[in-house]
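**Student:** Sharing a model prediction with you, sequence too.
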Amino acid sequence: MRNLVAVLMLVLVSACSTTVERVASDSTVDLSGAWNDTDSRLVAEEMVADVVSRPWISDYNADTGKRPVVIVGTIRNLSHEHINVNTFVADIERALINSGRVDFVASKHERDEIREERVEQDLNAREDTRNAAGQETGADFMLKGQINTILDVAGKEQVRYYQVDLTLISMSDNRKVWLGQKKIKKIVSNAKIRY
């Protein structure tokens, strides 16, 4: 009897166990139809490829003789679902930096931490290793934007439409020098549709 109970317990535990399959981090896996890492990466890469290919960048180079300095401002999630905007911003920053066409400065939150460290250095570090305050590079342009969605649901099917709008704004005169837009449409069929 004990052996039978032990075997049944083993079968029960085996049936309830979790399985994990490792896949390449750049592979496309879309389980729910919701915004995911692939959407974030592809939208960031396509939009950055577009922004660095437009005339504003060569105009700025011709006028100043230097690469423009860019900062990413607020990118708002106005969609119906939770989207980790921080990973999207990181994808944009990586693609912009790796383009080699612009210089990049730290965000407001990153700068606050760096400034605190400078104060600490001023008080505690050797003079020959301190980094002085007031030497920061200012941004020439700020990239701002939003992510929106539209849902169309009928029975067990839905269409998820994502629209990402980004705007590059001149810090000196508030001119919008580039407007980018990327759209994604997904058809999701599922017995249990989630919103």
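**Tutor:** That came through fine.
**Student:** Quick one: residues contacting the residue nearest to T149 when sequence neighbours are not counted.
**Tutor:** Excluding its sequence neighbours, the residue lying closest to T149 (C-beta to C-beta, 6 or more residues apart in numbering) is S79, at 3.9 Å. (Each C-beta comes from the backbone N, C-alpha and C, glycine too.) By C-beta atoms under 8 Å, 6 or more residues apart in numbering, the contact list for S79 reads W35, I147, N148, T149, Y162.
**Student:** Tell me the spacing between the residue nearest to K144 when sequence neighbours are not counted and A132.
**Tutor:** Once flanking residues are discounted, K144 sits nearest to G73: 4.3 Å by C-beta to C-beta, 6+ apart. Separation of G73 from A132 (C-beta to C-beta, to the nearest Å): 27 Å.
**Student:** so how far is the first residue of stretch 118-132 from its last?
**Tutor:** Distance between the two ends of stretch 118-132: 7 Å, counting by C-alpha to C-alpha, to the nearest Å.
**Student:** What are the buried residues along that stretch?
**Tutor:** Going by neighbour count (16 or more other C-beta atoms under 10 Å), the buried part of stretch 118-132 is R118, Q121.
**Student:** Could you do stretch 141-161 as well?
**Tutor:** F141, M142, L143, K144, G145, Q146, I147, T149, Q158, R160.
**Student:** what mean pLDDT does the longest helix along the chain have?
**Tutor:** Longest helix in the chain by number of residues (criterion: DSSP state H): helix 108-124. Averaged across helix 108-124, pLDDT comes to 90.
**Student:** just the CA coordinates of the helix or strand just after it, formatted as CSV?
**Tutor:** Moving toward the C-terminus from helix 108-124, the next helix or strand (DSSP states H and E) is strand 141-154. Taking C-alpha atoms only, strand 141-154 is exported to CSV below (Å, rounded to 0.1, in the frame of the first residue of the first chain):
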residue,chain,number,x,y,z
PHE,A,141,17.3,67.8,-28.4
MET,A,142,14.8,65.9,-26.3
LEU,A,143,12.9,62.8,-27.5
LYS,A,144,9.4,62.4,-26.0
GLY,A,145,6.5,60.2,-26.9
GLN,A,146,3.6,58.0,-26.0
ILE,A,147,2.3,54.5,-26.6
ASN,A,148,-1.5,54.1,-27.3
THR,A,149,-3.7,51.1,-28.0
ILE,A,150,-7.0,50.3,-29.6
LEU,A,151,-8.8,47.1,-28.9
ASP,A,152,-11.5,45.5,-31.2
VAL,A,153,-13.0,42.4,-29.5
ALA,A,154,-15.6,40.0,-30.9
